[in-house]
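**Q** coordinates for the following, if possible.
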Amino acid sequence: MTSTTTLPAPPEVDYPDLGLYIDGEWKSGTSGQPVLNPATGETLGEVPFAGPADLDAALEAADRGFRVWRDTPVAERTAILHRAADLIRARAGEIGRVMTAEEGKPLTESTGEAHRAATLLDWDAEEARRAHGRLIPSGPGETLSVHRVPIGPVAAFIPWNFPAGGPMRKIAAALAAGCSIVIKPSEETPGTACLLARCFAEAGLPAGVLNVVFGVPAEVSRHLIPSPVIRFVAFTGSVPVGKQLAAMAGEVMKPALMELGGHAPVIVCPDVDPVAAARACVRGKYANAGQVCTSPSRFYVHSDLYDDFLGAFVEASEAVRVGNGLAPGIGMGPLASSRRRDAVHRLVSDARDRGAEVLTGGSPVDGPGYFYPPTVLAGVPDDAAILSEEPFGPVAPLLRFDDLDEVLARANALPFGLAAYGFTHRADVADRLVRGFEAGILSLNHTGGSVPHAPSGGWKDSGYGREGGAEGLDGYLVTKRVSHRLAV
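**A** Here you go, the predicted model:
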């Protein structure tokens, strides 16, 4: 059985006052909804919703803020962003505790996420110094040059699973490029976003450059995206919603960045240590309770080592300590909501009903909170929903394969193409995996996450555009060609 821990209530979290951050001021909004602790079901606070007047104020502020920020020297912009990163890093413990209280992930993961958000901001701040154009050789009396200029105010929409890292990927790139931004983080995890906004304000970011709003997602997107103020749309979330927002942006000819869902295949080849590979896969699978768009979610294991891999995977899954993320020693917290817990259990029940064997886990944990144990499935039939729907939870279906070309076809059969994973020590097999996987992110012999200095993004239905690396600022910049003749 999975180690599910019931512990005394952890210390109370000093949950922050929530508000809309518009034009450098905190506002109370027009309505709201409770914010729940997914480990206890208790109310942490109430997030305010922006009404039409609030959204108009945010747009007007972003328009004014952009005109100030784009003309701020790069060195000065960079210094402000570095100060904000230093504040986030200094407050990572506080930010982490709030993040765990409202999202559920273990405190070590939350604190680490806050530090990574600061590192990402530092990287993008420095990348702003390198986002320069070039001179192109031309004839006498003429200068031909390429300039990269900020595209303008950005509308960004963020889900709940990475309350610090998710917003920062949009904020850091937009601000580094010289854009202003109106961002709508998740209403389920607003406290973390508010703490980030305070760091930017204290670092000296001019009013209107960063605006944080909450509200009914469809209403906010319908208000912001068509506005003539907004010049670029950035979204992370599900494929269906991403397609809706991309269509909305397309109707008004606005470019967009779409980082959408996935269903990441893992191919474990016969030349690796099955126990080591299984343990590496378990570490990746249960990070943030599997609520990661790049989470490994379909495990194809060669028949020669399937049994050994399966045994080690189950053993490592059962060793994961589940409980309130604020308690010490917890390896996996709750799912973020009852909605997520029920969706995961529906997929597990469907697989079981179709003949899959549940080797561990498989049922919601009794008691308060939205806990679901690490769950391993074997003998999953091809028509089980979990093989075509992104599980976004702590469930691992394990499947056999014998032929590499055949399993690559199975791995690529879905419309998703965000992340993929492979385990092999053979250079020729690694080359086939690199060439064969249809995914924007490929990890070989590990299941590590994204890094600031390299690009991440999807393929096929998993979206377009890239975040991180030198490519991360591209969507927020316009390439302008200038041909300058000295005389008529």
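**Q** what stretches of the protein score poorly on pLDDT?
**A** Applying pLDDT under 70 to the chain flags residues 1-11.
**Q** domain ranges for this structure, per the record?
**A** 9-260+461-482, 264-450 (automatic domain parsing).
**Q** for these, give me a markdown table that also has mean neighbour count and distance to Val488.
**A** (Glycine included, C-beta is placed from N, CA and C.) As requested, these are arranged in a markdown table below (neighbours: other CB atoms under 10 Å; distance: least, CB to CB, whole Å):
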| stretch | mean neighbour count | distance to Val488 |
| --- | --- | --- |
| domain 9-260+461-482 | 20 | 11 |
| domain 264-450 | 20 | 48 |
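**Q** do a quick rundown of the strands in the stretch 51-200 of the chain.
**A** Using DSSP state E, counting those that start in this stretch, the strands of the stretch 51-200 of the chain run over residues 134-136, 142-150, 154-157, 181-184.
**Q** list the strands paired with the shortest one, with their directions.
**A** Sheet pairing of strand 134-136 (DSSP bridges) gives strand 142-150 (antiparallel).
**Q** what sits up against the partner strand?
**A** 66, 69-70, 131-138, 177-179, 476-486 (CB atoms under 8 Å, 6 or more residues apart in numbering).
**Q** contacts only, for Pro394.
**A** 285-286, 289-290, 332, 335, 344, 361, 372-375.
**Q** quickly check those residues for the two that are furthest apart.
**A** Lys285 and Leu335 (14.0 Å; CB to CB).
**Q** which helices and strands does the top helix by length along the chain pack with?
**A** Ranked by number of residues, the top helix in the chain under DSSP state H is helix 107-130. Here helix 107-130 touches helix 74-90, helix 92-103, helix 165-177, going by 3 or more CB pairs under 8 Å, 6 or more residues apart in numbering; DSSP states H and E.
**Q** repeat that with 10 Å
**A** helix 74-90, helix 92-103, helix 165-177, helix 190-202 (3 or more CB pairs under 10 Å, 6 or more residues apart in numbering; DSSP states H and E).
**Q** to Pro16, which of the ones you listed lies closest?
**A** Nearest of those to Pro16, taken as CB to CB: helix 190-202 at 5.2 Å.
**Q** span of stretch 332-346 from start to end?
**A** In stretch 332-346, first residue to last residue: 20 Å (CA to CA, to the nearest Å).
**Q** same thing with stretch 154-166?
**A** One end of stretch 154-166 sits 15 Å from the other (CA to CA).
**Q** with stretch 347-367 instead?
**A** Note: stretch 347-367 ends 21 Å apart using CA to CA.
**Q** next: stretch 146-157.
**A** 31 Å.
**Q** go on, stretch 37-45?
**A** 10 Å.
**Q** starting at the chain centroid, how far to it?
**A** 22 Å (CA atoms, centre = their mean, to the nearest Å).
**Q** repeat for stretch 262-281
**A** 23 Å.
**Q** quick one: the helices in the stretch 301-450 of the chain, in order.
**A** For the stretch 301-450 of the chain, the helices defined by DSSP state H, counting those that start in this stretch occupy 306-318, 338-353, 404-411, 427-436.
**Q** on that earlier part again, which of the helices and strands packed on helix 107-130 sits closest to Gly472?
**A** helix 165-177 (5.1 Å).
**Q** for Val13, find the nearest of the strands of the stretch 51-200 of the chain.
**A** strand 181-184 (23.4 Å).
**Q** note down every partner strand of that closest one and its orientation.
**A** Short version: by DSSP bridges, strand 181-184 pairs with strand 154-157 (parallel), strand 210-212 (parallel).
**Q** tabulate the ones you listed (TSV), appending distance to Val229.
**A** Putting the strands paired with strand 181-184 into TSV (distance: least, CB to CB, whole Å) gives the following:
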stretch	distance to Val229
strand 154-157	9
strand 210-212	11
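**Q** nearest to Asp382, of the ones you listed?
**A** Closest among the strands paired with strand 181-184, using CB to CB: strand 154-157, at 34.2 Å.
**Q** distance from the chain centre to that closest one, please.
**A** 14 Å.
**Q** swap in stretch 469-480?
**A** 19 Å.
**Q** which residue packs closest to Thr111, ignoring adjacent ones?
**A** Leaving aside its chain neighbours, Thr111 sits nearest to Gly96 (3.4 Å; criterion: CB to CB, 6 or more residues apart in numbering).
**Q** again, but for Leu224
**A** In space, Leu224 is closest to Ala155, 4.2 Å off (CB to CB, 6+ apart).
**Q** nearest to Ile171, of the helices of the stretch 301-450 of the chain?
**A** helix 338-353 (25.2 Å).
**Q** which elements pack onto that closest one?
**A** strand 357-360, strand 375-378, strand 395-401.
**Q** picking that back up, centre of the chain to the longest helix of the chain, how far?
**A** Per CA atoms, centre = their mean, the centroid offset for helix 107-130 relative to its chain is 13 Å.
**Q** pull the CA atoms of that helix into CSV?
**A** Taking Å, rounded to 0.1, in the frame of the first residue of the first chain, the C-alpha atoms of helix 107-130 are listed here in CSV:
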residue,chain,number,x,y,z
LEU,A,107,7.1,22.6,0.6
THR,A,108,10.5,21.6,-0.9
GLU,A,109,9.0,21.7,-4.4
SER,A,110,7.3,25.1,-3.7
THR,A,111,10.4,26.7,-2.3
GLY,A,112,12.4,25.3,-5.1
GLU,A,113,9.9,26.7,-7.6
ALA,A,114,10.2,30.2,-6.1
HIS,A,115,14.0,30.0,-6.4
ARG,A,116,13.7,28.9,-10.1
ALA,A,117,11.3,31.7,-10.8
ALA,A,118,14.0,34.2,-9.6
THR,A,119,16.6,32.5,-11.7
LEU,A,120,14.4,32.7,-14.7
LEU,A,121,13.9,36.4,-14.1
ASP,A,122,17.6,36.9,-13.8
TRP,A,123,18.2,35.0,-17.1
ASP,A,124,15.6,36.9,-19.1
ALA,A,125,16.9,40.2,-17.6
GLU,A,126,20.3,39.4,-19.0
GLU,A,127,18.9,38.1,-22.3
ALA,A,128,17.4,41.6,-22.8
ARG,A,129,21.0,42.9,-23.2
ARG,A,130,21.5,40.4,-26.0
